[in-house]
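K.L.:
Structure for the following, please:
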Amino acid sequence: MSERIVNIPHGEYEILALILDEIDLSRLKARMCDDKTSRDRFDKAANGVAVLIENMMGRRTHRLPKSHIEYKEKEA
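P.N.:
Below is the predicted model:
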């Protein structure tokens, strides 16, 4: 992504995408989990946060530049 930011939602979208793509939770998981139950809880929490971020990204796709691969017109 080398495209210039065109509006705030575009910037927010790219920041959220970077968070999903590049933040590694393995060190946090290792520190917080010491058994199967805590690992399962952590995995469910991480998946829940990923869904929240994906929803936030989805609400911004109509504000992306039309040339952006993820651009979608706003549904009526």
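K.L.:
Low-confidence regions, this structure specifically.
P.N.:
Along the chain, the parts satisfying pLDDT under 70 run over 1-2.
K.L.:
Sketch out the strands for it, chain order is fine.
P.N.:
Ranges of strands in the chain, per DSSP state E: none exist.
K.L.:
Would you mind finding the longest helix in it?
P.N.:
Longest among the helix segments of the chain by residue count, using DSSP state H, is helix 36-58.
K.L.:
helices or strands up against that helix?
P.N.:
Secondary-structure packing of helix 36-58 (3 or more C-beta pairs under 8 Å, 6 or more residues apart in numbering; DSSP states H and E): helix 8-22, helix 26-32. In short, each C-beta sits where N, CA and C put it, glycine included.
K.L.:
For that helix, buried residues please.
P.N.:
Residues of helix 36-58 classed as buried under the neighbour-count rule (16 or more other C-beta atoms under 10 Å) are 42, 57.
K.L.:
repeat for stretch 14-32
P.N.:
For stretch 14-32, the neighbour count (16+ other C-beta under 10 Å) marks 14, 16, 17 as buried.
K.L.:
what angle sits between the longest helix of the chain and helix 8-22?
P.N.:
Counting by axes from the mean of the first three to the mean of the last three C-alpha atoms, to 10 degrees, helix 36-58 lies at 150 degrees to helix 8-22.
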